[in-house]
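S.K.: Following is a predicted model, sequence given first.
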Amino acid sequence: MCMLLSCVHLIRRPLQCIQPLLVLPSRSFMDLKALVSSLNNFASLSLAESWDNVGLLVEPSPPHTVSTLFLTNDLTEEVMQEALQRKADLILSYHPPIFRALKRITWKTWKERLVIRALEHRVGIYSPHTAYDAIPHGVNNWLAKGLGACTTVPLHPSMAPSYPTEGAHRVEFSVDHTEHLETILSSIRGIPEISSLITLPARAEGEEQTRISLNCTQKALLEVVALLSRNSHLYHKTEIMLLQKPLLPHTGMGRLCTLSEPVSLSALTERIKSHLRLPYIRLALGMGKTLEAKVKVAALCAGSGSSVLQGVEADLYLTGEMSHHEVLDAVAKGISVILCEHSNTERGFLAELRDMLATHLENKITIIVSERDKDPLQVV
């Protein structure tokens with residue numbers, strides 16, 4: 001009897017070790033199209049500059065699922081090899097590896113080889129670039145954190161992708177006589193691409209009138225003007241307004257940063273180096289300025305900021321790169337310039353991006369940041 005009980009105990013112990021293995025979660029994944037849609041929702045591609053090349057640049061034949069999303073600032077051949085070794089299914093490269101149109105896909109150039117290797121290994125490539133520059137939680141706001149406590153506004157605010165109503169023009173005019181009103185309204189309703197047609201009672205020069213307001217496209221505007229020009233009295237009282245798309249709050253290119261407290265240029269330089277994890281940066285002192293000069297307002301733009309910073313009044317310009325003559329222009333105006341090399345002002349954002357995307361994607365996939373991605377320039 002004692003021997004039998006001992007056997008029973010021996011059987012129970014291994015069962016307790018096996019049980020946890022039965023509840024291990026399976027590897028999660030997302031369909032590529034669903035993932036791209038989520039990435040576009042995180043940062044609308046409509047915010048990218050018109051010259052940019054953003055979105056899904058390389059797509060493996062469907063269906064394609066993504067278990068591992070690989071983040072990099074620049075997709076070089078060395079980084080591509082790392083992505084393949086780490087079993088990436090989709091590479092998010094901040095800078096688009098395909099910018100200008102490729103006329104052929106051969107083994108001759110490094111960018112063509114990137115496309116070949118991606119397709120051979122069924123790896124997609126997605127690039128957000130300037131869409132990430134514009135968003136409130138993007139690259140430029142991350143760079144601004146290196147200045148310390150400050151308030152920021154975009155240097156060049158982004159506009160909404162569409163008008164609140166159909167059409168970019170508003171036409172307003174007044175009609176004196178009721179009998180003309182129905183005739184005119186009937187004619188206007190027959191013109192395509194007209195919206196928000198409104199009639200309101202009005203009084204002008206002591207006479208009761210009807211005020212007509214409508215929105216229309218550029219094409220419809222030509223027909224409306226042709227209709228109204230048949231009546232010189234109506235035409236001369238017509239007002240035509242070009243509608244502007246509304247500005248998006250906290251969204252746009254570059255940032256104008258007002259520090260909570262003025263800081264010496266020397267101290268601010270150390271803050272920036274610490275934030276970017278750089279031992280050295282380049283500094284040009286503004287005319288009449290010293291390292292102890294106080295900085296209250298800084299204008300910044302990640303990457304190459306010359307066109308965004310041009311003409312902006314500030315104590316300091318912070319960006320990755322500017323030309324020699326652009327630096328001279330700023331210095332002559334008393335503006336100090338800090339240059340950190342192009343991608344050094346962008347790459348550190350990837351760690352924050354990883355965490356934000358993990359939340360945005362509800363931890364459905366694995367997100368990793370490249371360890372081999374680096375700025376091609378170094379101080380020697």
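M.R.: Cool, got the structure.
S.K.: so who does residue 151 touch?
M.R.: 257-258, 260 (Cβ atoms under 8 Å, 6 or more residues apart in numbering). In this view, the C-beta of every residue, glycine as well, is placed from N, C-alpha and C.
S.K.: can you list those residues in TSV and add secondary structure, pLDDT and distance to residue 211?
M.R.: Formatted as TSV, the contacts of residue 151 follow (DSSP: H, G, I helix; E, B strand; the rest coil; pLDDT from 0 to 100; distance: Cβ to Cβ, whole Å):
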residue	secondary structure	pLDDT	distance to residue 211
257	strand	98	46
258	strand	98	44
260	strand	98	50
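S.K.: just the buried members of these?
M.R.: residue 257 (16 or more other Cβ atoms under 10 Å).
S.K.: And the contacts of residue 151, which is closest to residue 304?
M.R.: residue 257 (18.6 Å; Cβ to Cβ).
S.K.: ok, that closest one - contacts?
M.R.: 144, 147, 150-152, 297-300.
S.K.: Highest neighbour count among those?
M.R.: When neighbours are counted by other Cβ atoms under 10 Å, residue 300 leads those with 29 neighbours.
S.K.: Run a quick neighbour tally on residue 270.
M.R.: Residues near residue 270, counting by other Cβ under 10 Å, number 12.
S.K.: Who's the closest spatial neighbour of residue 326, skipping the chain neighbours?
M.R.: Distance criterion Cβ to Cβ, 6 or more residues apart in numbering; nearest residue to residue 326, sequence neighbours excluded, is residue 306 at 4.9 Å.
S.K.: Can you add distance to residue 213 and pLDDT and give the contacts of residue 257 back as JSON lines?
M.R.: Shown next, in JSON lines, are the contacts of residue 257 (distance: Cβ to Cβ, whole Å; pLDDT from 0 to 100):
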{"residue": "144", "distance to residue 213": "42", "pLDDT": "98"}
{"residue": "147", "distance to residue 213": "47", "pLDDT": "98"}
{"residue": "150", "distance to residue 213": "43", "pLDDT": "97"}
{"residue": "151", "distance to residue 213": "38", "pLDDT": "97"}
{"residue": "152", "distance to residue 213": "38", "pLDDT": "98"}
{"residue": "297", "distance to residue 213": "42", "pLDDT": "98"}
{"residue": "298", "distance to residue 213": "45", "pLDDT": "98"}
{"residue": "299", "distance to residue 213": "40", "pLDDT": "98"}
{"residue": "300", "distance to residue 213": "43", "pLDDT": "98"}
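S.K.: out of those residues, which are inside helices?
M.R.: residue 144 (DSSP state H).
S.K.: Make JSON lines from the contacts of residue 257 and add distance to residue 266 to it.
M.R.: Output for the contacts of residue 257, formatted as JSON lines (distance: Cβ to Cβ, whole Å):
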{"residue": "144", "distance to residue 266": "19"}
{"residue": "147", "distance to residue 266": "14"}
{"residue": "150", "distance to residue 266": "18"}
{"residue": "151", "distance to residue 266": "23"}
{"residue": "152", "distance to residue 266": "22"}
{"residue": "297", "distance to residue 266": "17"}
{"residue": "298", "distance to residue 266": "14"}
{"residue": "299", "distance to residue 266": "19"}
{"residue": "300", "distance to residue 266": "18"}
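S.K.: Among the contacts of residue 257, which are located in strands?
M.R.: 150-152, 297-300 (DSSP state E).
S.K.: Adding distance to residue 359, write these out as a markdown table.
M.R.: Shown next, in a markdown table, are these (distance: Cβ to Cβ, whole Å):
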| residue | distance to residue 359 |
| --- | --- |
| 150 | 25 |
| 151 | 25 |
| 152 | 22 |
| 297 | 33 |
| 298 | 29 |
| 299 | 31 |
| 300 | 26 |
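S.K.: Going by distance to residue 229, which of those residues wins?
M.R.: The nearest member of the ones in strands among the contacts of residue 257 to residue 229, counting by Cβ to Cβ, is residue 299 at 47.8 Å.
S.K.: Contact partners for the nearest residue to that closest one once chain neighbours are set aside?
M.R.: The shortest distance from residue 299 to any non-neighbouring residue, by Cβ to Cβ, 6+ apart, is to residue 314 (4.0 Å). Under the criterion of Cβ under 8 Å, 6+ apart, the contact list for residue 314 reads 256, 297-299, 335.
S.K.: Compute the number of surrounding residues for the closest residue to residue 145 other than its chain neighbours.
M.R.: Nearest residue to residue 145, sequence neighbours excluded (Cβ to Cβ, 6+ apart): residue 275, at 6.4 Å. Using other Cβ under 10 Å, residue 275 has 18 other residues around it.
S.K.: need the contact list for the residue nearest the centre of the chain.
M.R.: Geometric centre of the chain, nearest residue: residue 131, 1.7 Å, by Cα atoms, centre = their mean. Applying Cβ under 8 Å, 6+ apart to residue 131 gives the contacts 43-48, 52, 54, 138.
S.K.: any idea how far residue 311 is from the closest residue to residue 72 other than its chain neighbours?
M.R.: Distance criterion Cβ to Cβ, 6+ apart; nearest residue to residue 72, sequence neighbours excluded, is residue 370 at 4.0 Å. For residue 370, the distance to residue 311 equals 36 Å [Cβ to Cβ, to the nearest Å].
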